[in-house]
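Chemist: Structure for the following, please:
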Amino acid sequence: MSHRKDQRRSYWAANVRLVVVLLVIWAAVSFGCGILLVDWLDRFRIPGTGFRLGFWFAQQGSIYVFVILIFVYVWRMNALDREYDVDEEGE
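Modeler: Take a look at the predicted model:
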């Protein structure tokens, strides 16, 4: 019984670590690149478009990163589920 409880705690800790890492990345991109560093990033332009990089991050880049992070979360959680033997395919 204790082993199962330790396994659940480890699974939950891994899940929380993953969520925290992904949220930090999202905050860095959306708040950092879209607000704090926008003036510095605006010195650069996206090749072929003429859009300033800071403007792009503020308007679209952080949304793209958020969607990518959703797919990363799903991919990593599926791996964690298999690792801790709580995947839906095993039922």
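
Chemist: mind listing what residue 46 touches?
Modeler: 52-53, 56 (C-beta atoms under 8 Å, 6 or more residues apart in numbering). Backbone N, C-alpha and C define where each C-beta goes, glycine included.

Chemist: change it to 6 Å
Modeler: By C-beta atoms under 6 Å, 6 or more residues apart in numbering, the contact list for residue 46 reads residue 56.

Chemist: quick one: it and residue 70, what's the gap?
Modeler: For residue 46, the distance to residue 70 equals 23 Å [C-beta to C-beta, to the nearest Å].

Chemist: just residue 21 next, same as before
Modeler: Taking C-beta to C-beta as the criterion, residue 21 is separated from residue 70 by 14 Å.

Chemist: Now the phi/psi pair for residue 45, please.
Modeler: Residue 45 adopts backbone torsions of phi -120, psi 150, taken as degrees, to the nearest 10.

Chemist: Pull the number of nearby residues for the closest residue to it other than its chain neighbours.
Modeler: Among residues not flanking residue 45 along the chain, residue 52 sits closest, at 5.9 Å (C-beta to C-beta, 6 or more residues apart in numbering). Neighbourhood size, residue 52 [other C-beta atoms under 10 Å]: 17.

Chemist: From what I see, residue 52 and residue 42 are in contact.
Modeler: Yes: if you go by C-beta atoms under 6 Å, residue 52 and residue 42 touch, sitting 4.2 Å apart.
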